[in-house]
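S.K.: predicted structure and sequence below. I'll ask about it afterward.
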Amino acid sequence: MRIGVAATPDVAIPTLNWLLQSEHEVSLVITQPDRPAGRGRLMQQSVVADWAHNHQIPLVKPENSDELIGKIEQLELVLTIGYGVLLPESILALPKRGFLNLHFSLLPAYRGAAPAQRALHRGETVTGVTVFQLDKGMDTGPIFTQESIDIDPSWRSLELLEHLANLGPEVVKRSFEMIQSGQDPHAQVGVASTAAKISKAEAKIDFNQDATQISNAIRAFTYEPGAWTIWKGEPFKVCAVEVFPEVIGKPGQVSVIDNSVIVSTGSNALELLRVIPAGKKEMNAIDWARGARLTEGEVFG
């Protein structure tokens, strides 16, 4: 089949690489326009745009969905993977078999922009991927294939998304085989939930919460937008923690115990493993604590 792929983030790369080696032809890549990025705010194209250039595949970066008119009508279908744009029905109807989406949850759970992150935030132990037919709703279309995965307790959103992305090629392959053999997708069944985009404000750590709740939030928000707090008036990111089964002091209070950095919470405490102090690179928490010369009773927040 002649395929178009509409994608933006690096989670699309495993499926794009599989498509390149498959019997299908990637005829067009669609990605979001270049955006300012980094401290210098220089214009930068998406990872998927880089991939398309490297493999000499036609690329479009529409500012408006109507710019796809005249470009996708001859395609068998368009597969979207984290494209980041809600497309109108008039565009969804243009390819011969419409649009499919590779979504990183077991729909109808976690419909929306941040399904993997929200699964971690809510302490889920199982999630997965779904390939479904796009319709006018937000991740509401009928399902072709799904695949589940157990969530390792150490995984943050970075690791979970990597594992989910690597499930993409197999579920997309099975979905394409269903389409080619004339099998129809089935309606979504189960309890629906939403996965709204995570704001920087939401990612601020509240040390009054339970230690497990905070740990789940840090796992979910690392590295984007990054779980953070305030240390001596400056932003301070926490990248990895473990629950510590003791109460040390008031919420947010920092202590060094047996070469470990411990922060008290609303119940129990957390051992800080990896941190990013203001203006510095990621480091081991104990290395930060040694340089920070902590005094008794100092508090985050």
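M.R.: Yep, that arrived. Numbers count the residues shown, from 1 in each chain.
S.K.: and this structure, what are its domain boundaries?
M.R.: For the chain, automatic domain parsing gives the domain ranges 2-180, 211-292.
S.K.: now those domains as TSV including mean pLDDT?
M.R.: Listed next are the domains of the chain as TSV, based on pLDDT from 0 to 100:
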stretch	mean pLDDT
domain 2-180	96
domain 211-292	95
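S.K.: now tabulate those domains in TSV and tack on mean neighbour count and distance to residue 197.
M.R.: The C-beta positions use only the backbone N, C-alpha and C, and glycine is treated the same way. Converted to TSV, the domains of the chain look like this (neighbours: other C-beta atoms under 10 Å; distance: least, C-beta to C-beta, whole Å):
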stretch	mean neighbour count	distance to residue 197
domain 2-180	18	4
domain 211-292	18	10
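S.K.: ok, which of the ones you listed comes nearest residue 194?
M.R.: Checking the domains of the chain against residue 194 by C-beta to C-beta gives domain 2-180 as the closest, at 4.9 Å.
S.K.: and the end-to-end length of the closest one?
M.R.: Using C-alpha to C-alpha, to the nearest Å, the end-to-end distance of domain 2-180 comes out at 12 Å.
S.K.: ok, stretch 174-188 next?
M.R.: Stretch 174-188 stretches 18 Å from its first residue to its last (C-alpha to C-alpha).
S.K.: quick one: contacts of that stretch?
M.R.: The contact list for stretch 174-188, computed with C-beta atoms under 8 Å, 6 or more residues apart in numbering, reads 1, 24, 77, 97, 100, 107-108, 131-133, 140-145.
S.K.: still on that earlier bit, could I get the domains of the chain in CSV, plus columns for distance to residue 203?
M.R.: Listed next are these as CSV, based on distance: least, C-beta to C-beta, whole Å:
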stretch, distance to residue 203
domain 2-180, 10
domain 211-292, 4
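S.K.: where do the helices sit along the chain?
M.R.: Here the chain has its helices, by DSSP state H, at 13-21, 47-54, 89-92, 115-121, 157-180, 211-221, 285-292.
S.K.: can you redo these as JSON lines with distance to residue 246?
M.R.: Below are those laid out as JSON lines (distance: least, C-beta to C-beta, whole Å):
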{"stretch": "helix 13-21", "distance to residue 246": "42"}
{"stretch": "helix 47-54", "distance to residue 246": "43"}
{"stretch": "helix 89-92", "distance to residue 246": "54"}
{"stretch": "helix 115-121", "distance to residue 246": "24"}
{"stretch": "helix 157-180", "distance to residue 246": "27"}
{"stretch": "helix 211-221", "distance to residue 246": "10"}
{"stretch": "helix 285-292", "distance to residue 246": "17"}
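S.K.: tell me which of those sits nearest to residue 61.
M.R.: It is, among those and with distance given as C-beta to C-beta, helix 47-54, at 6.9 Å.
S.K.: what helices or strands is that closest one leaning on?
M.R.: helix 13-21, strand 25-30, strand 59-60 (3 or more C-beta pairs under 8 Å, 6 or more residues apart in numbering; DSSP states H and E).
S.K.: residue 266 is nearest to which of the ones you listed?
M.R.: Using C-beta to C-beta, these put helix 13-21 closest to residue 266, at 39.4 Å.
S.K.: which elements pack onto that closest one?
M.R.: So helix 13-21, by 3+ C-beta pairs under 8 Å, 6+ apart, packs with strand 2-7, strand 25-30, helix 47-54, helix 157-180.
S.K.: what's that helix in contact with?
M.R.: Outside helix 13-21, the residues that reach it (C-beta under 8 Å, 6+ apart) are 3, 5, 7, 26, 29, 47-48, 51, 55, 79, 81, 102, 165-166, 168-169, 172-173.
S.K.: quick one: it to strand 25-30, angle?
M.R.: Here helix 13-21 runs at an angle of 140 degrees relative to strand 25-30 (axes from the mean of the first three to the mean of the last three C-alpha atoms, to 10 degrees).
S.K.: quick check: angle from helix 13-21 to helix 157-180?
M.R.: Going by the same axes, to 10 degrees, helix 13-21 makes 30 degrees with helix 157-180.
S.K.: now the angle from helix 13-21 to helix 47-54?
M.R.: Helix 13-21 runs at 30 degrees relative to helix 47-54, counting by the same axes, to 10 degrees.
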